[in-house]
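>>> mind looking at a prediction? Sequence and model below.
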Protein chains: 2
Amino acid sequence: MTQIEEVVMEIKVLQDILESNKEMAREIEDLLKENKIYMIDIMSSPGSGKTTITDSVINSLKNKYRIGVIEGDISTTKDAERLAKHDVPIIQIETSRYLGDCHLESSWIMKCLNKFDLKNLDFIIIENVGNLVCPAEFQLGDDERIVVLSITEGEDKPVKYPLMFTTSQTMIINKMDLLPYLNFNMEELKENIRKINAKLKLFYMSATNNDGIDEFITHLDKNIEKKLKS
Amino acid sequence: MTQIEEVVMEIKVLQDILESNKEMAREIEDLLKENKIYMIDIMSSPGSGKTTITDSVINSLKNKYRIGVIEGDISTTKDAERLAKHDVPIIQIETSRYLGDCHLESSWIMKCLNKFDLKNLDFIIIENVGNLVCPAEFQLGDDERIVVLSITEGEDKPVKYPLMFTTSQTMIINKMDLLPYLNFNMEELKENIRKINAKLKLFYMSATNNDGIDEFITHLDKNIEKKLKS
């Protein structure tokens, strides 16, 4: 019986955290609206290709828009270093300072926004911590949630980790170049996506080869422009 | 300033949870010792091959030892169903009942142990939630922590998610069959492992082809026997 009580306690605390996180996310939404900045939150399991995709997006759009990047990482600045070649402002959040936290929270994003020169930004990319579970629970006030799935992870991930897929608007199916070498059933993946969130906008990509990136860039370009003109 | 205080609060709560988790883990250790049961905790990112490996281990050892399985899953019983063909007791923990929790805790493992007929078990396999972050923080009272890394996830994971790799005794490097198709540097991975935890015992595997599984089975077999004779 004691054990059950412990579980209930934990949920209460988590709900309080989620509630205050949501409030701050709303403030972020207002701030972005005021400054006409489009913000995306890219999420996935570790090693699904978030940084490679972020790299390509910056490369394709940095001459058209003023871009800022927020990098979430457990314990290194490796991803930020990979992106440093682009001449765009990058803010690194190392979550290990907060006892190895497994997600980003809206209060930390707000701190980053306060550090950016918002008047001189059009587009912010958040690269979340590599984790298919916890980041899904924390709204960050962004305009678009993008989940990346590497096909090496299997067809069942949308049904096994539903919150990530129900709360995202966009999904990138990555590492398509490995399809001939995997026992992977694309129809089964699509069926699982339909079951969980039929509205998910899908992009097929092999980010390391730059295959399929153009369609995604066009999609982002359209969304950013819409926000700028709002 | 308020934001910083919030972060500190959260850490305090988490530390309390971790402390009571550790106490229960010690009780589990005693219980396993008393019953001469060897217990392993298999952890990894989503889709790294935990269930396929668990499947092979059960298949190879079920005629020699009395095996029990604890399956952690966010939201489905898919993994347990995959293992149901083996005639071994399986207990499923669906963590979504606890607000989509991202790890297993020792109190839940204790509940599972209380459901098992411990007098008739030699070996328990815990398949943790697919997550390279949170499960690392929660001791479960097991004899051996095994982290599985699919080489599709990249060479940098041990340094980017250090806690998982410092707290494990064993590491399975999986999906080796995909090596010819990836831009993957095995020496760099090994160097990263050495930096983080030079004592990690490494096994190279292609679990879907059953390649490299024998060495791992021999290793487990030896450890289980040692515990039985203790």
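Perfect, I can see it now.
>>> show me the residue at the heart of chain A, geometrically.
By C-alpha atoms, centre = their mean, the mean C-alpha position of chain A lies nearest to A:Ile42, the distance being 1.7 Å.
>>> contact partners for A:Thr77?
Applying C-beta atoms under 8 Å, 6 or more residues apart in numbering or on different chains to A:Thr77 gives the contacts A:Glu71, A:Gln92, A:Glu94. Using the backbone N, CA and C atoms, a C-beta is placed for each residue, glycine as well.
>>> cool, A:Gly68 as well?
Going by C-beta under 8 Å, 6+ apart, A:Gly68 touches A:Val88, A:Pro89, A:Ile90, A:Ile91, A:Phe116, A:Leu121, A:Phe123, A:Ile124, A:Ile125.
>>> of these, which belong to strands?
Among the contacts of A:Gly68, the ones falling in strands (DSSP state E) are A:Ile90, A:Ile91, A:Phe123, A:Ile124, A:Ile125.
>>> take those and write them to JSON lines, including neighbour count and distance to chain B.
Below are the ones in strands among the contacts of A:Gly68 laid out as JSON lines (neighbours: other C-beta atoms under 10 Å in any protein chain shown; distance: C-beta to the nearest C-beta, whole Å):
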{"residue": "A:Ile90", "neighbour count": "20", "distance to chain B": "17"}
{"residue": "A:Ile91", "neighbour count": "19", "distance to chain B": "15"}
{"residue": "A:Phe123", "neighbour count": "26", "distance to chain B": "24"}
{"residue": "A:Ile124", "neighbour count": "26", "distance to chain B": "19"}
{"residue": "A:Ile125", "neighbour count": "26", "distance to chain B": "19"}
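>>> ok so, going back, neighbouring strands for the strand or helix carrying the residue nearest to the centre of chain A, and are they parallel or not?
Per DSSP states H and E: A:Ile42 is located in strand A:38-44. When sheet partners are counted by DSSP bridges, strand A:38-44 sits next to strand A:123-127 (parallel), strand A:144-150 (parallel).
>>> using CSV, write out every CA atom in the first one.
So the one you mean is strand A:123-127. Output of strand A:123-127 as CSV, limited to C-alpha atoms (Å, rounded to 0.1, in the frame of the first residue of the first chain):
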residue,chain,number,x,y,z
PHE,A,123,13.2,31.6,-37.0
ILE,A,124,14.3,29.6,-33.9
ILE,A,125,15.2,25.9,-34.0
ILE,A,126,15.1,24.0,-30.7
GLU,A,127,16.9,20.7,-30.8
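>>> just the strands in chain A please.
Using DSSP E, strands in chain A cover A:38-44, A:67-73, A:90-94, A:123-127, A:144-150, A:170-174, A:201-204.
>>> least reliable of these going by mean pLDDT?
Mean pLDDT is lowest for strand A:90-94 out of the strands of chain A, coming in at a mean of 84.
>>> pull the residues that contact that one.
In this structure, residues lying in contact with strand A:90-94 by C-beta under 8 Å, 6+ apart are A:68-77, A:80, A:83-84, A:104, A:108, A:112, A:115-116.
>>> is it true that A:Ser206 touches A:Ile172?
No. Counting by C-beta atoms under 8 Å, A:Ser206 does not reach A:Ile172; the two are 10.6 Å apart.
>>> where does chain A have low pLDDT?
Flagging of chain A using pLDDT under 70 yields the residue ranges A:1-14, A:95-100.
>>> tell me where it has helices.
Counting by DSSP state H, chain A has helices at residues A:2-34, A:50-61, A:78-83, A:106-115, A:157-160, A:162-166, A:186-197, A:213-228.
>>> return the distance of the shortest one from the chain's centre.
In terms of C-alpha atoms, centre = their mean, to the nearest Å, the gap separating the centre of helix A:157-160 from the centre of its chain is 17 Å.
>>> hmm, that helix in reach of chain B?
Yes. Counting by C-beta under 8 Å from any C-beta of the partner chain, chain B has neighbours in helix A:157-160: A:Lys157, A:Val159, A:Lys160.
>>> scan the residues you listed and report the most crowded one.
A:Lys157 (26 neighbours; other C-beta atoms under 10 Å in any protein chain shown).
>>> my read is that that residue contacts A:Leu149, right?
Yes. Counting by C-beta under 8 Å, A:Lys157 touches A:Leu149, with 5.7 Å between them.
>>> so what's in contact with the two at the same time?
By C-beta under 8 Å, 6+ apart, the residues touching both A:Lys157 and A:Leu149 are A:Ser45.
>>> I'd assumed A:Met171 was in contact with A:Phe165.
Yes. The pair A:Phe165 / A:Met171 is scored as a contact, 7.0 Å apart, by C-beta under 8 Å.
>>> what touches both of those two?
A:Val147, A:Ile193, A:Leu200.
>>> the last one against A:Ser168, yeah?
Yes. Because the distance of 6.4 Å satisfies C-beta under 8 Å, A:Leu200 is recorded as touching A:Ser168.
>>> can you get me a residue count around A:Phe116?
Neighbour count of A:Phe116, defined by other C-beta under 10 Å: 17.
>>> for it, which non-adjacent residue is spatially closest?
Closest residue in space to A:Phe116, ignoring its immediate chain neighbours: A:Gly68 at 5.1 Å, by C-beta to C-beta, 6 or more residues apart in numbering or on different chains.
>>> next one: A:Asn174
Closest to A:Asn174 by C-beta to C-beta, 6+ apart is A:Gly49, at 4.4 Å.
>>> who's in contact with the one you found?
A:Gly49 makes contact with A:Val148, A:Ser150, A:Ile172, A:Asn174, A:Lys175, A:Met205, A:Ala207, A:Thr208, according to C-beta under 8 Å, 6+ apart.
>>> just the buried ones from the residues you listed, in ChimeraX syntax?
What follows is the ChimeraX syntax selecting those of the contacts of A:Gly49 that are buried according to 16 or more other C-beta atoms under 10 Å in any protein chain shown:
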select /A:148,150,172,174,175,205,207
